[in-house]
Each structure stands twice: as structure tokens, then as C-alpha cells.
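sequence first, then the predicted structure, then my questions.
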Amino acid sequence: QSEMTTTTKTLSNFVEVKVRFRRSTHLEKDFVAAQNGDYIITPTARHALRRLVEGMVDGSHFRAWTLTGPYGVGKSAFAVFLTRLLCAEGKQGQQARSQLEQVDPQLTMLLRKLGLFGQSFKGFLPVLATARRTSASNCLAEGVVAAASSSRDRALKASVRGLVEKLKVQQNNQQWDTRQVVESISSLSVAATASGYGGVLLVVDELGKLFEYAARYPQKGDVFVLQELAEQAVRSTSSPIVLVGLLHQSFQEYGLHLDLATRREWAKIQGRFEDIAFLEPAEQVIRMIAQAIRWNSGTGANDHPRFATDITTAAYRAGVAPYGIKVAEFESIAKAAYPLHPVTLVALPFLFRRFAQNERSLFSYLSSQEPYGFQEFIRTHTLVSARPPVVRLSNLFDYFTRNFGAGLYRHPHALRWMEAADVLERKEDLSPLHREVVKTIGILNALGEFCHLNATEDIVSLAISDSAKPSPELQSILQSLKESSIV
């Protein structure tokens, strides 16, 4: 095990979160950005791609899709990659197609058979919209007009001239003629294919906001235009329309307070779409975390922290690694994810999936300046060789308790966590190590109901002291906590 350089510099001089993971994806802006970045084509992304591509086969009845998954799992980033793959003609498109060929040659071959990657490939015409709380027709009209207006093709502009005029005079509280919207999209697709495009790819991010608006203003929301458009997409053959909507939950769940009849109607709209569950398994999220963290090797310290080998081997033997990650890969991931402790690294996806609010995500924890967050940790800890600083479960306990507050207390699965918080509040005379043990056990107990990590003696010891065998001091603390019924 090689030594690391002792330095007075903080970890922030050596560790950073890659730019792509520091901000949320904006569909329209990121599609036209200069580079693809380092998008990771995960098995979930490949599965979604395959289903979408199979829907483009002649005679397919699957041309309208929803991608459903919680906040922060990468739906928007996937949509940007999808759009570049199917729409971009230049370097962006070539790079996206090259990426796909490296990880899934069979899917790439299917795309070639469909004529999508030929030499004369012009791709689909991208119509991109990020929904806001407005009527569905208004949102679609704005996206269609923006796509046609950005083209130099006069035929494309002419095909949506009626919508352009309508938007000039339309007030948000006025009813739309939904047929005009659908027919304009159909006309745009006809004009696009006549100009050499493969059809229209219409992607709506944050689709749920249209249903939130419709739930609040039932007379103005006109979400039934989505049903009409989905039906038109299925009928589109010679001038294909491929419709993709991204949302966090099913349509009807956005209107839980509405009457039963309306919810049933919304469920019928959903029935016109094929749904793809977009949720990365824990082991894939762990890989993504490791790829998000970059160790800057040109800063004067050794090229990479080597301390993780012994800890990771012990953690693997104790059953910390999730199913699907073998010991060699786990060791590699754990090193790449420094300064996250291996137990912390594995716990993160489960914690954020279960306890985080929709406004936050795992990657906002890594990049934001919130109290007790990852960025604060690397700003306030220096790199030392004796025992390199690592983010432990106790640090996550402090982060969640401070930043999620009352929302965490109300969560039905956080009872064991709150019991630990109550112990810390009542027992002010506990030593720092005692407090760390209580926090660690609190998180592991909360995780244990839906995760393979449990508050066993070896995992608690690993999380605190980097060894599955507790030291006499730690063993004494565990025993005293048991005897006093604190844990």
C-alpha cells in the first residue's frame, strides 16, 4: 500500500466533480452545445433506445412513448443523446453513433438497416420543448414554431405559419383548437420528409408540468391534445412522427386530488403511450458516481489515493458491494470515488432514492454548496497520508438531517433514523466516537428495510474504522449502547 503525500492543501485542490454532473441538463440548450460530453450509455439507456428504435420499424404501432423515472436519474441527458443520435448530421451525430457502436453493435446494426445511419442520412427533424406550467397546446406550438424558425428551409417555415400567427394573438387563458396543433405537426413532418429528413422527433421534457397545470386549471389545460397527437404519431407512416415525453410519474398521479372521472380520462391518455421505466439500478448509479468524481493528478500529490485497496477488500468480503459488481471492479470504483468511503458510496443511491425530495438529487449533493455536503467536505479537509479523510455515513447523517429537516421527519421509512437523532439530542454527554456510532447505526437501520446494508457489527465497524473487526474501544461502545438501550 503506497503512501500518499501529506499536504496542507485541502481536498478541493485535488478532487472535483465533472462539469456534466454539476448541473441539470437543459434539453434544447444542451442539444446545440458544442460536444456530447461524457454521456454514459448505461444498460437502462440501451434498453430504452432499443424499444424506441424498434418502434420506428415500418408498420409499428409504437410511435408515442413516455420515459418515467424519479428526478435526477438522467432522463434529460438521455433525451439529449437520443436527439443527437437520430437528428444531428455533423460531428455531434457521428460521435453519438460511434459511442453507441462501441457499447451495442447490434443496436447500431438495426439502426443501419432502418436507413438511419446511411451516407445520405439527414436524420429526424428535432422538435424539442421543455414544458412549463401552461396549456399543452401552447407548449407544443412553441416547440414546433421554434424548430421550424431555426431552419433555413422555407417549406418547414411555411408548414407552421398558421401556428406562428396563432401564437402572436393567443393569450394563455384562451382555449386552443387542438386539431390545429396536431395538423401543424403533421404538416411539419410532411415538409420535413420532403426535405430529406426521416420525419419529426418530438421530445417534451418535464411533461408532468402540463398535467400539473391542467390539474390546477382544468378548463385550460387541454392535455387531451397529447392523446390526439399520440394517435396521429401511430398513424404517421410515410412522414413519421416519433413522440417522446419525459416525466416523474404516471399521468393520473399528477391529479390525485381531482375527481375519479378525470383521473380515468387521464389514464386513457396514458394508454395511448408506451411507457419505459427509466430507473438506473443501484450498481449503475454507483458506477456513475465514480465517473462523476475526478482526481486531479497534476496537483503535486501522488497520482491517485491508494488507501482504498484494503478497505475495499474488507468491504467486499463483508457483503457491502451490491449484486452485479465483482471485487476487481468494486476496488476500481471505490478508488475512483475517493473521498467517499466504500460503505458511503454504496449507501448513497439507496438513501437518495428513498429519502431525498424531488427538488434534490444525488448529484446536487456532490456539486452544491449545502451544509455538510460533498463540496464542504473537500473544502475543509486536508490530504494526509496517515489516514486520508473520507466521507462517512455519519457525514451523510448530518447532511440529510440538516438539509431535509422536517421533510425527513415526516417520511414513513425514516423512523429508525429519527430514533438515532432523538438519542443524540437527549444524550448530550456522548463522546464523539459514541455519536458517530449512533449516526452510523441510525442510517444503516433506516437502509436495512430496503437495502442489503444492515447494522451488523462488521459493517458498522467498516463504516467507522475501516476494518470489519471492531477495535476494543469500538466494541466497548457498541456493548454500552446495547446495555443502555440506546441502540
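Yes, it's here.

what's the next secondary structure element after the helix or strand encompassing Leu396?
Counting by DSSP states H and E, the secondary-structure element that holds Leu396 is helix 393-409. The element immediately downstream of helix 393-409 (helix or strand, assigned by DSSP H and E) is helix 415-426.

who touches that next one?
For helix 415-426, the surrounding residues in contact (C-beta atoms under 8 Å, 6 or more residues apart in numbering) are 355, 397, 400-401, 408-409, 430, 435, 438-439, 441-443, 445-446, 448, 486-487. All C-beta atoms are positioned from the backbone trio N, CA, C, and that covers glycine.

just stretch 281-288 next, same as before
So stretch 281-288 is in contact with 40, 42-44, 74, 280, 322-325, 333, 337, 345-346, 348-350, 353, 362, 451, going by C-beta under 8 Å, 6+ apart.

same question, stretch 436-444
When contacts are taken as C-beta under 8 Å, 6+ apart, the neighbours of stretch 436-444 outside the stretch itself are 347, 351, 392-394, 396-398, 416-417, 419-421, 423-424, 430, 453-455, 459-460, 463-464, 474, 477-478, 481, 486-487.

now restrict the residues you listed to buried residues only.
The neighbour-count test (16 or more other C-beta atoms under 10 Å) applied to the contacts of stretch 436-444 identifies 347, 351, 392-394, 396-397, 416-417, 419-421, 423-424, 430, 453, 455, 459-460, 463-464, 474, 477-478, 481, 486-487 as buried.

and stretch 132-144, which residues are buried?
Taking 16+ other C-beta under 10 Å as the basis for neighbour counts, the residues of stretch 132-144 that come out buried are Arg133, Thr134, Ser135, Ala136, Ser137, Asn138, Cys139, Leu140, Ala141, Glu142, Gly143, Val144.

now it: mean pLDDT?
Across stretch 132-144, pLDDT averages out at 92.

residue ranges in the stretch 251-400 of the chain under the pLDDT threshold?
Filtered on pLDDT under 70, the stretch 251-400 of the chain yields the residue ranges 297-308, 357-360, 385-386.

buried stuff in the helix holding Leu396?
Along helix 393-409, these residues count as buried under the neighbour rule (16+ other C-beta under 10 Å): Leu393, Ser394, Asn395, Leu396, Phe397, Tyr399, Phe400, Thr401, Asn403, Phe404, Leu408.

repeat for stretch 251-264
Within stretch 251-264, the residues that qualify as buried are Phe251, Gln252, Glu253, Tyr254, Gly255, Leu258, Arg263, counting by 16+ other C-beta under 10 Å.

from those, which land in helices?
Cross-referencing the buried residues of stretch 251-264 with the helices (criterion: DSSP state H) gives Arg263 as the overlap.

name the element the closest residue to Val160 other than its chain neighbours belongs to?
Excluding the flanking residues, the one nearest Val160 by C-beta to C-beta, 6 or more residues apart in numbering is Ala148, at 4.5 Å. In this structure, Ala148 sits in helix 136-149 according to DSSP H and E.

hang on, the earlier thing: got the buried residues of helix 393-409 as CSV, with distance to Phe62 columns?
Formatted as CSV, those follow (distance: C-beta to C-beta, whole Å):
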residue, distance to Phe62
Leu393, 44
Ser394, 48
Asn395, 46
Leu396, 41
Phe397, 45
Tyr399, 42
Phe400, 41
Thr401, 45
Asn403, 41
Phe404, 39
Leu408, 40
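
between the residues you listed, which is closest to Gly69?
The shortest approach to Gly69 among these belongs to Phe404, at 20.7 Å (C-beta to C-beta).

would you agree that closest one is in contact with Arg354?
No. Between Phe404 and Arg354 there is no contact, the gap being 11.5 Å when judged by C-beta atoms under 8 Å.

quick one, phi/psi of Met56?
Note on Met56: backbone dihedrals following degrees, to the nearest 10 are phi -90, psi -10.

how about the contacts made by the residue lying closest to it once chain neighbours are set aside?
Among residues not flanking Met56 along the chain, Leu114 sits closest, at 6.0 Å (C-beta to C-beta, 6+ apart). Residues counted as contacts of Leu114 (C-beta under 8 Å, 6+ apart) are Val53, Met56, Val57.

rewinding a little: can you give me how far the helix holding Ala148 is from the chain middle?
In terms of C-alpha atoms, centre = their mean, to the nearest Å, the centre of helix 136-149 is set 26 Å apart from its chain centre.

could you do stretch 48-63 as well?
Mean-position distance between stretch 48-63 and its chain equals 23 Å (C-alpha atoms, centre = their mean).

stretch 422-440 now?
In terms of C-alpha atoms, centre = their mean, the centre of stretch 422-440 is found 34 Å from the chain centre.

quick one, helices of the stretch 351-487 of the chain?
Across the stretch 351-487 of the chain, reading from the start of the chain, the helices by DSSP state H, counting those that start in this stretch fall at 362-367, 374-380, 393-409, 415-426, 432-447, 457-465, 472-483.

let me have those in TSV, adding distance to Ser238 as columns.
Supplementary listing: the helices of the stretch 351-487 of the chain in TSV, determined by distance: least, C-beta to C-beta, whole Å:
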stretch	distance to Ser238
helix 362-367	42
helix 374-380	52
helix 393-409	51
helix 415-426	58
helix 432-447	54
helix 457-465	60
helix 472-483	71
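
what's the first-to-last distance across stretch 217-232?
One end of stretch 217-232 sits 26 Å from the other (C-alpha to C-alpha, to the nearest Å).
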